[in-house]
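*Asks:* how would this look folded up:
(one chain, ligands or ions: 1)
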Amino acid sequence: MDNSIRLLTVRGIDIRIHVTFPLILIFAVLQFGVFTGQGIAGVLFGVIVTLLLFTIVVLHELGHCVAAQYYGVPVTQIVLLPIGGVAQLEHIPEKPVQELVIASAGRLVNVVIAIVLYLAHLAFGIGGLEGDPMGLLMGVGQGGINATFNYVFAANLFLALFNLIPSFPLDGGPVLRALLATRLDYKRATVIAVSIGQSMAVLAGLLGFLEGDLFLLLIALFVYTGAGQEGQLVQMRRTFGKLTVERAYSRQAHTLNLQSTIKDAIALALTTLQSDLPVWDGGQLMGLLSHHRYA
Ligand SMILES: [Zn+2]
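*Replies:* Purely as a prediction, here's the structure:
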């Protein structure tokens, strides 16, 4: 993804932050420092828990990546956006079991972390862990080790539960498709999963609008467009997947030879709209002159 900066590389996967990422830190400063009236202490707490939240997001995404790599799917990068993380897999396996495992591995990481934290709470009495996850996430402003502990615990529960919602682009979407694909054709399974996801997004959006809940409205919009994109992607793969080069290549390609001048290349590019030019020498293809080498 463009406009992102590499933080580190784990298992050959670049972990990058998008340039818009600092927006979430500004939100944290407002949410925990300004709106709660906690001042500098609140700001510090907000920034620390937000960075912890995104550490958890990275671990969640790495869960997907490790599972994907296990099935031989190359993973290019994880990009952190203000709304969460995206693991970019080269492709999603169409075998239902593999998709199910990859889609569930992220949440498994959160469940394991939550169990470890709960055991630490029982053993050492850290954190209160009272209240629902959402309340813990949005309402904490008191700072301190216990509040931080509660926040991290709640964030893991939230990620595990929120991603149960059976809609793309949340993890529940691929889980639903994989379950449907055990009985139906892959494309049909995708169409049904996308429709279910979009219907739920419309209902959530309506509820958000009626309640005046901007956050819910934004989430609904994000889910609706994300689900639609997944549907289009599968449709495109199915359409173009069967198309051979024979049916798509241009039969009137302009070529150069080793004695052609760069001026010839520019003239051809300007008059033919063909930006990349094959270079021939005595009936043999020598290579390609790309637009960026002479423009
Ligand atoms: Zn996930």
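*Asks:* tell me the contacts of the closest residue to the ion within the stretch 101-250 of the chain?
*Replies:* The nearest approach of the stretch 101-250 of the chain to the ion comes at residue 106, 3.3 Å away (Cβ to the ion). Where C-beta positions appear, they are placed from N, C-alpha and C, glycine not excepted. By Cβ atoms under 8 Å, 6 or more residues apart in numbering, the contact set of residue 106 is 60-61, 63-64, 159, 163, 171.
*Asks:* for this structure, what spans make up the helices?
*Replies:* Assigned helices in the chain, in chain order: 22-28, 39-70, 96-124, 133-139, 144-162, 172-181, 186-211, 214-241, 262-272, 291-294 (criterion: DSSP state H).
*Asks:* just how off-centre is the third one within its chain?
*Replies:* Counting by Cα atoms, centre = their mean, to the nearest Å, helix 96-124 is centred 19 Å from the centre of its parent chain.
*Asks:* flag every buried residue along that helix.
*Replies:* For helix 96-124, the buried set under the neighbour-count rule, 16 or more other Cβ atoms under 10 Å, comprises 96, 98-107, 109-110, 113-114, 117, 121.
*Asks:* can you count the residues close to residue 4?
*Replies:* Using other Cβ atoms under 10 Å, residue 4 has 18 other residues around it.
*Asks:* would you confirm that it contacts residue 16?
*Replies:* Yes. At 4.0 Å, residue 4 and residue 16 qualify as touching, with contact defined as Cβ atoms under 8 Å.
*Asks:* so for the two, which residues contact both of them?
*Replies:* Joint contacts of residue 4 and residue 16 (Cβ under 8 Å, 6+ apart) are residue 79.
*Asks:* got the CA coordinates for stretch 182-199 in PDB?
*Replies:* In PDB, the C-alpha atoms belonging to stretch 182-199 read as follows (Å, rounded to 0.1, in the frame of the first residue of the first chain):
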ATOM      1  CA  THR A 182     -18.400 -26.600   1.900                       C
ATOM      2  CA  ARG A 183     -21.800 -27.100   0.300                       C
ATOM      3  CA  LEU A 184     -22.000 -24.500  -2.400                       C
ATOM      4  CA  ASP A 185     -19.900 -23.300  -5.300                       C
ATOM      5  CA  TYR A 186     -17.300 -20.700  -4.200                       C
ATOM      6  CA  LYS A 187     -18.800 -17.800  -6.200                       C
ATOM      7  CA  ARG A 188     -22.300 -18.600  -5.000                       C
ATOM      8  CA  ALA A 189     -21.000 -18.800  -1.400                       C
ATOM      9  CA  THR A 190     -19.300 -15.400  -1.800                       C
ATOM     10  CA  VAL A 191     -22.500 -13.800  -3.200                       C
ATOM     11  CA  ILE A 192     -24.600 -15.100  -0.300                       C
ATOM     12  CA  ALA A 193     -21.900 -14.000   2.300                       C
ATOM     13  CA  VAL A 194     -21.700 -10.600   0.700                       C
ATOM     14  CA  SER A 195     -25.500 -10.100   0.700                       C
ATOM     15  CA  ILE A 196     -25.800 -11.200   4.400                       C
ATOM     16  CA  GLY A 197     -23.000  -8.800   5.300                       C
ATOM     17  CA  GLN A 198     -24.400  -5.900   3.400                       C
ATOM     18  CA  SER A 199     -27.900  -6.400   4.800                       C
END
